[in-house]
Structures are given as structure tokens and as C-alpha cells.
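1. Model the following, please.
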Amino acid sequence: MTHKHGEPKFSLGNVFITSNGSDLVRSGRLQLQEYLDRHMAGDWGDCSEIEKKFNDEALSAGSGRLFSVYHVDAKITLWVITETDPRSTMILLPYEY
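-> Numbers count the residues shown, from 1 in each chain. From the prediction side, this is the model:
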């Protein structure tokens, strides 16, 4: 199923994924593009209200860190972190931080 999450508000830059995250993608347990689309559209997922506020401020300023949390299922939580200088995005599981 394809979900429309809105137009991207920023670019991801260089994208990196941990080996555990990559294993989930390869096994079909994680449909990564949906979460990247949500992240780029400013849907920060399940992060705290204060993190959402920091994200919105960083997005408005065009600099800083953008942090999203997505509960993929009961066992998998995904973090997506975009740094603006240099522009890069890391996809990881919380225990890998």
C-alpha cells in the first residue's frame, strides 16, 4: 500500500543505515521508504512533543537536527535522524545509538 504523506520539506542528503536496520529491510520486516517519506514531510512520528517542537524550529531555521521515531510494530522502533551540516541522514534502532 502506498501512503501519501505530503510534499518533502527537506532533503535527506547522504543516507546511512545500520546493519541491523539493513537486515530488517532485506528480510521484508521494514518498508523503509514509507518512513523516509514521513520524515521528509515533517511527520515526526512518535517522538516527544518537545522533540517535535525542536524539529519544527530546526526546519524553519534550515539548520539543526531533525529526529523522528516510528514504531514499526510491537518489537521494532525506528529512529531517523537528519543532520543539516553536512546534510546526512542516519537510520538506526534505538539500542544502536
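2. Mind listing residues that contact stretch 74-81?
-> The contact list for stretch 74-81 (CB atoms under 8 Å, 6 or more residues apart in numbering) reads 21, 24, 29-30, 35-36, 39, 65-72, 89-94, 97. Quick note: C-beta positions are derived from backbone N, CA and C, even for glycine.
3. filter those residues to the buried ones?
-> In terms of neighbour count (16 or more other CB atoms under 10 Å), the buried residues within these are 21, 24, 30, 35-36, 39, 66-70, 72, 89-93.
4. Sort out for me which of the contacts of stretch 74-81 are in strands.
-> 65-71, 89-92 (DSSP state E).
5. Tally up the residues packed near S22, please.
-> Taking other CB atoms under 10 Å as the criterion, the count of residues near S22 is 14.
6. how far does stretch 43-59 sit from the chain's center?
-> Taking CA atoms, centre = their mean, to the nearest Å, the mean C-alpha location of stretch 43-59 is offset from the chain mean by 11 Å.
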